[in-house]
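Participant: A predicted structure for the sequence below; I have some questions about it.
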Amino acid sequence: MSLIEFIVNGQRTQVEAPPMKRLLDVLREDLGLTGAKEGCGEGECGSCSVRMNGELVNSCLVPILQANGAHIQTVEGLAIDAELHPLQKAFLECGGAQCGICTPGMLMAATHLLAHNPHPTLDEIREGLAGNLCRCTGFIKIFDSVIAAAAMGGNHPHAR
Amino acid sequence: MRGNPESHEFIGFNSLPAVLAQLSAAPGQWTPIAGGTELMVAHAAGRLNAPRLINLWGLPELDFIRVTDNSISIGGGVTFANIRRHAAIAEDFPLLSKAASWIGSVANQSRATIAGNIVNGSPAADAPPALLAYDAEIELISEHGTRRIPYADFHLGYKRSVLQPDELVLALHLPRRFLNHRQYLRKVGTRKAMAITKVALAATATIKENLITEIRLAAASVANRPARLCATEAVLFGQPLNAATKQAASKALLAEVSPIDDIRSTAEYRKQVAANLLDEFLDQLAQEGSAA
């Protein structure tokens, strides 16, 4: 077992876990943060996307030892108190979420995109979300949601 | 069968010398892991045959990009996200930037390292054709010192290389002398993102008064390793760029490559597409020339 100290959604956090335990499983099982989902478990589908030290990562491919000392942001960290993040509002308004399995990952990938590029083109959105698979929406409503969020200032300070 | 994290030992150190000492003390016993985009996939599927792992992620000695007048050196631990963002790499070595931009997705590029892409040894890997077309050198390090060899001599066969069990990839060195070259890289895959290459071709060349004065060709998924196409280069070198040369080059390429049938494509398709890509590159070279 390894003692891991890291910062999750701004909170200093400690867990004791086998060092090869996946970040995804630590978030879900040890910390009760079940937003990140396991889809494929092999880095193809993006439903477990979180941000680690400002980079988008598939949490199913991160052994927890490598997250020691890191800043982790999960979908649970997007809303500030009851105030939804502009991306969350836009996904609700534009029908960007249907069954919901891919949504946390889509939100994190979109958050990451807007943090670097507050007004992306459609092509840039398609590329930014290319590692996130959705089997419901056909993607168009998701792209629309990101465009709408960018228009309402989706790159708000908390998203960085 | 899902992998059990408790069945693996996994240790980390704060410095490269400590890691090298550990590797040297028990060569072959420790499996190095950096971004985990390959090994963690095997782990999830319960087929990670590595009882003892040693961490490379975050080691500062492997995470550098050094630009000098003559070369750009990229540390083995540099991620494709950071390669993609680097302005000097984009200017001098656009094929490498391009390859970095289509490896997996954003979330894979943030973790996958250039050394991982190489030592994994896949013939389909995205970075190697560009590295071969740029005459890159690879520098290996162990507790006993470093050695530097042409990257073209690194791979020996399918998933076999000259890397010793106590060695790590310290850096790739790219000579800054390709600005004047016509440069080409095209990957053919099932979709734009997250697709493993069916066939890819990288090329750099110069042309003067319609004679090919320099030519380098390298391809993915046409042999048991990332392959420099030296026989095809030899047919083109010093020749006028006309229909007869193109035909001879195509013939040489078809004789030189030895792709396989697998889940992603067929040998026949790969051969034909590799020849088509070479044709496309030579057409560009004929029409637009090189800057030299």
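Facilitator: Yep, that arrived.
Participant: Now do the same contact list for whichever residue of chain A sits closest to chain B.
Facilitator: Here chain A gets closest to chain B at one residue, A:Gly131, 2.2 Å apart by Cβ to the nearest Cβ. Where C-beta positions appear, they are placed from N, C-alpha and C, glycine not excepted. When contacts are counted by Cβ atoms under 8 Å, 6 or more residues apart in numbering or on different chains, A:Gly131 touches A:43-46, A:49, A:58, A:109, B:104-108, B:193-194.
Participant: three-state assignment of it?
Facilitator: coil (DSSP: H, G, I helix; E, B strand; the rest coil).
Participant: How many residues are close by the nearest residue to it once chain neighbours are set aside?
Facilitator: By the measure of Cβ to Cβ, 6 or more residues apart in numbering or on different chains, the closest residue to A:Gly131 outside its immediate chain neighbours is B:Ser105, 2.2 Å from it. B:Ser105 has 25 neighbours, counted by other Cβ atoms under 10 Å in any protein chain shown.
Participant: distance of B:Ser105 from B:Asn224?
Facilitator: For B:Ser105, the distance to B:Asn224 (Cβ to Cβ, to the nearest Å) stands at 27 Å.
Participant: Likewise for B:Gln183?
Facilitator: Look at B:Gln183 and B:Asn224: by Cβ to Cβ, they are 26 Å apart.
Participant: Looking at the two, which is more packed in?
Facilitator: Shown here are B:Gln183 and B:Asn224; by other Cβ under 10 Å, B:Gln183 has more neighbours (22 against 16).
Participant: for that one, what are its contacts?
Facilitator: Contacts of B:Gln183 (Cβ under 8 Å, 6+ apart): B:94-95, B:133, B:203-204.
Participant: in the chain, which helix has the most residues?
Facilitator: Picking chain A for this. Secondary structure of chain A read by DSSP state H shows that its longest helix is helix A:103-116.
Participant: meant chain B actually
Facilitator: helix B:267-288.
Participant: so where does the residue nearest to A:Lys37 when sequence neighbours are not counted fall, helix or strand?
Facilitator: Spatial nearest neighbour of A:Lys37, excluding adjacent residues (Cβ to Cβ, 6+ apart): A:Ser47 at 4.3 Å. Using DSSP states H and E, A:Ser47 falls within no helix or strand.
Participant: tell me the contacts of A:Ser47?
Facilitator: The contact partners of A:Ser47, by Cβ under 8 Å, 6+ apart, come to A:36-40, A:101-102, A:104-105, A:132-133.
Participant: okay, B:Trp30: pLDDT?
Facilitator: pLDDT, B:Trp30: 98.
Participant: That should have said B:Met1, apologies.
Facilitator: B:Met1 carries a pLDDT value of 63.
Participant: And for the one 5 residues further on?
Facilitator: Looking at B:Glu6, its pLDDT stands at 94.
Participant: Likewise for A:Lys89?
Facilitator: A:Lys89 carries a pLDDT value of 96.
Participant: Which other helices and strands does the helix or strand encompassing it contact?
Facilitator: Following DSSP H and E, the helix or strand that holds A:Lys89 is helix A:86-94. Judged by 3 or more Cβ pairs under 8 Å, 6 or more residues apart in numbering or on different chains; DSSP states H and E, the packing partners of helix A:86-94 are helix A:103-116, helix A:140-151.
Participant: How far off centre is the first one?
Facilitator: Looking back up the chat, that one is helix A:103-116. Relative to the centre of its chain, helix A:103-116 is centred 6 Å away, using Cα atoms, centre = their mean, to the nearest Å.
Participant: Chain B contacts on chain A?
Facilitator: Contact residues, chain A versus chain B (Cβ under 8 Å from any Cβ of the partner chain): A:2, A:17-22, A:25, A:41-44, A:46, A:49, A:52, A:55-58, A:60-63, A:65-66, A:109, A:112-113, A:127-128, A:130-132.
Participant: Now go through those residues and say which are in strands.
Facilitator: Among those, the members found in strands (DSSP state E) are A:2, A:17, A:49, A:52, A:55-58.
Participant: quick one: which of those residues is most hemmed in?
Facilitator: A:Asn58 (36 neighbours).
Participant: So what sits opposite it in the bridge?
Facilitator: Per DSSP bridges, the residues bridged to A:Asn58 are A:Ser49.
Participant: who's in contact with it?
Facilitator: Counting by Cβ under 8 Å, 6+ apart, A:Asn58 touches A:43, A:46, A:48-49, A:131, B:107-108, B:111.
Participant: circling back: secondary structure, neighbour count and pLDDT for the contacts of B:Gln183 - can I get that in CSV?
Facilitator: CSV is the format used below for the contacts of B:Gln183 (DSSP: H, G, I helix; E, B strand; the rest coil; neighbours: other Cβ atoms under 10 Å in any protein chain shown; pLDDT from 0 to 100):
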residue, secondary structure, neighbour count, pLDDT
B:Pro94, helix, 15, 98
B:Leu95, helix, 23, 98
B:Ala133, helix, 28, 98
B:Ala203, strand, 30, 98
B:Thr204, strand, 26, 98
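Participant: which pair in the residues you listed spans the largest distance?
Facilitator: Spatially, the most separated pair among these is B:Pro94 and B:Ala203, at 12.5 Å (Cβ to Cβ).
Participant: Distance from the chain centre to stretch B:109-117, please.
Facilitator: Relative to the centre of its chain, stretch B:109-117 is centred 11 Å away, using Cα atoms, centre = their mean.
Participant: before we move on, back to that, buried deepest among the helices and strands packed on helix A:86-94, which one?
Facilitator: Among those, the stretch with the highest mean neighbour count (mean count of other Cβ atoms under 10 Å in any protein chain shown) is helix A:103-116, at a mean of 25.
Participant: which intervals of the chain have sub-threshold pLDDT?
Facilitator: This is for chain A. A:154-160 (pLDDT under 70).
Participant: Please refer instead to chain B.
Facilitator: For chain B, the ranges with pLDDT under 70 are B:1, B:292.
Participant: Quick one: name the residues of it near chain A.
Facilitator: So far as Cβ under 8 Å from any Cβ goes, chain B lies against chain A at B:3, B:5-6, B:8, B:10-12, B:33, B:35-37, B:40-41, B:43-45, B:53, B:55, B:57-58, B:81, B:104-108, B:110-111, B:192-194.
Participant: and these, which are buried?
Facilitator: For these, a burial check counting by 16 or more other Cβ atoms under 10 Å in any protein chain shown picks out B:3, B:5, B:8, B:10, B:12, B:33, B:35-37, B:40-41, B:43-44, B:53, B:55, B:57-58, B:81, B:104-108, B:110-111, B:193-194.
Participant: From the residues you listed, which land in helices?
Facilitator: Reading helices off those with DSSP H, I get B:40-41, B:43-44, B:81, B:106-108.
Participant: Give me the distance between the residue most central in space within chain A and A:Gly41.
Facilitator: Central residue check for chain A by Cα atoms, centre = their mean: the C-alpha nearest the mean position is that of A:Met108, 2.7 Å away. Note on A:Met108: its distance to A:Gly41, by Cβ to Cβ, is 17 Å.
Participant: burial count for B:Ala18?
Facilitator: Quick note: B:Ala18 (other Cβ under 10 Å) scores 14 neighbours.
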